[in-house]
Each structure stands twice: as C-alpha cells, then as structure tokens.
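Novice: just coords:
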C-alpha cells in the first residue's frame with residue numbers, strides 16, 4: 001500500500017462511491033419488510049448487512065488487493081484475516097437495531113488502518129443523506145443536501161458540554177459517574193458511528209462509550225474525528241489501537257480538541 005494514495009482524491013472517490021453503492025443496497029432492503037436473523041452472539045443481522053458487506057469487500061479487493069479486509073459479518077462467520085501494517089476495517093451496517101426500528105440512524109463504515117491507527121474513514125448515513133469523510137492530517141468534510149463542507153471539532157461553549165450517548169446501548173448511571181460533575185448543557189442520543197461524527201462536526205463535544213464495541217464499529221468514525229481535530233482515549237487514558245486479538249475495544253471516550 002502506497003501512503004500517498006490515501007490523499008489522492010480520485011482514490012478517495014472510489015471508496016466513497018463504494019460506500020454509496022452499499023448504502024443504496026441497504027436502502028433497497030430498508031424499503032421493504034425486513035427479515036431479522038440472530039448471529040452466534042445473539043446480535044441481529046439482515047440481508048442488508050450481507051449485501052452491503054459483499055459490495056464493499058469486493059470493491060476493496062479490486063482497489064487494494066494487497067490489503068486485508070476485516071469485515072464484521074465475515075469475522076462472525078469465522079473468516080478473520082491476519083492483519084499487517086495496513087488493513088481495512090468494515091462495518092457494512094452499523095446500527096442494525098436502528099435499521100430494524102427504522103429511525104434512520106445507521107451507517108456504512110469503511111476505515112483504512114495503518115500501524116494500528118485509522119488514517120482514512122468514510123461514514124455514510126444513507127437514510128439521512130449524510131456522508132462524513134476524514135483523512136488524518138488532511139482534514140474532514142461532510143456531504144449533505146448535495147453540498148460538501150469542511151468540518152472541525154469545536155471549543156466547548158461556556159454553557160457546557162453537549163454529550164452524545166448511545167440510543168440502543170446506553171447506561172445512564174455509568175454515564176453520570178463518568179461525567180463526575182462536569183458542566184453539561186445537553187445530552188443527546190444517537191445511533192451507530194454517527195455519535196463520533198457529531199463530535200467531529202462540532203455538533204457535540206463528548207461521547208463516552210462505557211460498554212462493549214468492536215473495532216469495525218468505530219474505526220471509520222475515529223478517522224473522521226481525528227481528521228477533524230478530536231481524539232479517542234480508553235478510559236484508562238491510553239490511545240485506542242486497532243488490530244487487537246478478537247477486535248474488541250475497551251471502554252473509551254471520544255472528545256473534540258481544538259488547538
């Protein structure tokens with residue numbers, strides 16, 4: 001993998017087009033009755049997850065045949081490739097519960113990881129017409145309503161933090177303990193990796209996740225956030241890394257940083 005390729009606009013465009021193709025397949029399933037099945041870990045899976053993952057893995061295999069692809073449904077089926085310096089992390093449909101409940105807050109997540117850190121991420125919310133893209137060290141943007149604009153984390157306003165919490169996996173008591181008396185202006189709920197993107201776009205300031213997540217759930221959003229000036233730390237204070245055995249994440253907090 002050539003490091004310079006990540007900053008090539010046409011190369012980025014190919015990944016964005018792949019995310020949009022996967023999003024179109026998801027919306028096709030979304031428009032009809034949704035059949036839900038359970039995986040081995042009891043989490044839900046639908047035809048949309050599988051169709052989107054097939055589109056993404058096929059496209060990434062053509063685009064970067066030398067880079068392994070770690071994708072959620074393949075790993076669930078026992079097909080986890082060995083990762084090296086570079087690898088892709090793919091969640092074809094993050095927020096399956098949001099998809100099933102039809103609230104629109106689900107995303108397609110595609111992240112490129114180098115040496116354990118996400119360097120490029122695409123997060124598409126197809127039902128909301130919001131596309132977030134970040135290249136670490138080169139900035140982030142959102143496309144919505146046919147327009148593209150840069151995004152950046154904001155300074156916390158004098159009124160206090162806007163905290164974003166998980167819509168489907170929240171723990172109000174754990175969140176209160178984590179906040180520990182910090183001044184909070186508002187708490188909003190959102191699904192999927194949109195929570196990270198809200199911080200990246202300056203629409204929120206802090207997203208604590210005090211429950212289980214997997215690397216493919218957050219890597220693309222992490223790239224967008226880092227490109228927009230934010231960061232994610234484990235609650236222990238250590239930076240998050242990717243490519244861990246089992247691909248589980250520790251509890252973490254995502255926050256905006258403005259230099």
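Specialist: Structure received. Quick caveat, the model's predicted, so the values are computed rather than measured.
Novice: hey, let's count contacts and neighbours off CA atoms from now on
Specialist: Noted.
Novice: how far off centre is the helix or strand where residue 58 lies?
Specialist: Using DSSP states H and E, residue 58 maps to helix 47-63. Taking Cα atoms, centre = their mean, to the nearest Å, one finds helix 47-63 lying 16 Å from the centre of the chain it belongs to.
Novice: can you verify my assumption that residue 93 contacts residue 104?
Specialist: No - between residue 93 and residue 104 there is no contact under Cα atoms under 8 Å: 11.6 Å.
Novice: just the buried positions in the helix holding residue 58, please.
Specialist: Residues 47-57, 59-60 are the ones in helix 47-63 that count as buried (16 or more other Cα atoms under 10 Å).
Novice: which of residue 93 and residue 104 has more neighbours?
Specialist: residue 93 (30 against 18; other Cα atoms under 10 Å).
Novice: quick check: that one is in a strand.
Specialist: Yes - checked against DSSP: H, G, I helix; E, B strand; the rest coil, residue 93 lies within a strand.
Novice: ok, which stretches of the stretch 101-250 of the chain are strands?
Specialist: Remark: strands assigned in the stretch 101-250 of the chain by DSSP state E, counting those that start in this stretch are 107-114, 117-125, 130-135, 139-144, 147-151, 161-166, 184-190, 206-209, 231-234.
Novice: for the protein, give me the ranges with low pLDDT.
Specialist: Across the chain, the ranges flagged by pLDDT under 70 are 39-42, 167-171, 258-259.
Novice: got the angle between the lengthiest helix in it and strand 117-125?
Specialist: The single longest helix within the chain, with elements called by DSSP state H, is helix 9-30. Interaxial angle of helix 9-30 relative to strand 117-125 (axes from the mean of the first three to the mean of the last three Cα atoms, to 10 degrees): 40 degrees.
Novice: okay, buried residues for helix 9-30 please.
Specialist: Neighbour count says helix 9-30 has 12, 15-16, 18-27, 29-30 buried, by 16+ other Cα under 10 Å.
Novice: was I right to think residue 197 contacts residue 226?
Specialist: No - between residue 197 and residue 226 there is no contact under Cα under 8 Å: 10.2 Å.
Novice: more crowded one of these two?
Specialist: Neighbour totals were compared for residue 197 and residue 226, and residue 226 leads with 31 against 27 (other Cα under 10 Å).
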